[in-house]
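**Student:** The sequence and its predicted three-dimensional model are supplied below.
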Amino acid sequence: MSSSMPYSTANWHWKNKTVTPWAKEWFERELPEVEVADQGAVVKVDRVVEVDGDVELGRRKSKLITIYDCKVVLYWKGTAADGTEVEGKLTIPEVSHEITLDGLSDYVYEWSLTSEASPEANAVLALAKAKLPAALEAKFTAFPVALVETHGKDIM
């Protein structure tokens, strides 16, 4: 008894594309668009200074899979309602597929104030802690979509 096999079973095996440099550029371009405001105070991402980790797009059994785990470090700026300028640093130790898509854990945010502490600066830091995470997480959710749209055709 003879069984026929499909001519090509290549799509049933792993095929990966490393896109870490593209991911770094994406975070550097997209995250500085994030800005939040409340009661006359404003906080925005100033610049991304580090994206460390690995980003790949894989194909397994004809399905695209995003594979990423990055540490992201950024600086933020804010203005208090009275005009006081405030700056700080934010480290997100893990931006990964498991958090963004699988919801296996929550993001961790490590905040620091690089400006001199004052009641006004502390109020802006409190605004950053309260509102920036949701705005950043919206970008993190958009990341795997952009990854597939940009590179999915390359591993078909």
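**Tutor:** On my side now, so go ahead.
**Student:** Looking at D82 now. What's its pLDDT?
**Tutor:** According to the prediction, D82 has pLDDT 96.
**Student:** thinking V95 is in contact with V73, fair?
**Tutor:** No. The pair V95 / V73 is not scored as a contact, 10.9 Å apart, by Cβ atoms under 8 Å. Any C-beta I mention is one placed from the backbone N, CA and C, and that applies to glycine too.
**Student:** Who has more neighbours out of the two?
**Tutor:** The neighbour count for V95 versus V73, taken as other Cβ atoms under 10 Å, is higher for V95 (23 against 16).
**Student:** Enumerate every residue touching the more buried one.
**Tutor:** 53, 68-72, 107, 140, 143 (Cβ atoms under 8 Å, 6 or more residues apart in numbering).
**Student:** Could you list the single helix or strand in the chain with the lowest mean pLDDT?
**Tutor:** Least confident element among the helices and strands of the chain, by mean pLDDT, DSSP states H and E: helix 97-100 (a mean of 88).
**Student:** helix or strand right after that one?
**Tutor:** Once helix 97-100 ends, the next helix or strand along the chain (criterion: DSSP states H and E) is strand 110-113.
**Student:** Can you point out the helix or strand that includes the most centrally placed residue in the chain?
**Tutor:** Centroid check for the chain by Cα atoms, centre = their mean gives F140 as the closest residue, at 3.9 Å. If you go by DSSP H and E, F140 is part of helix 119-151.
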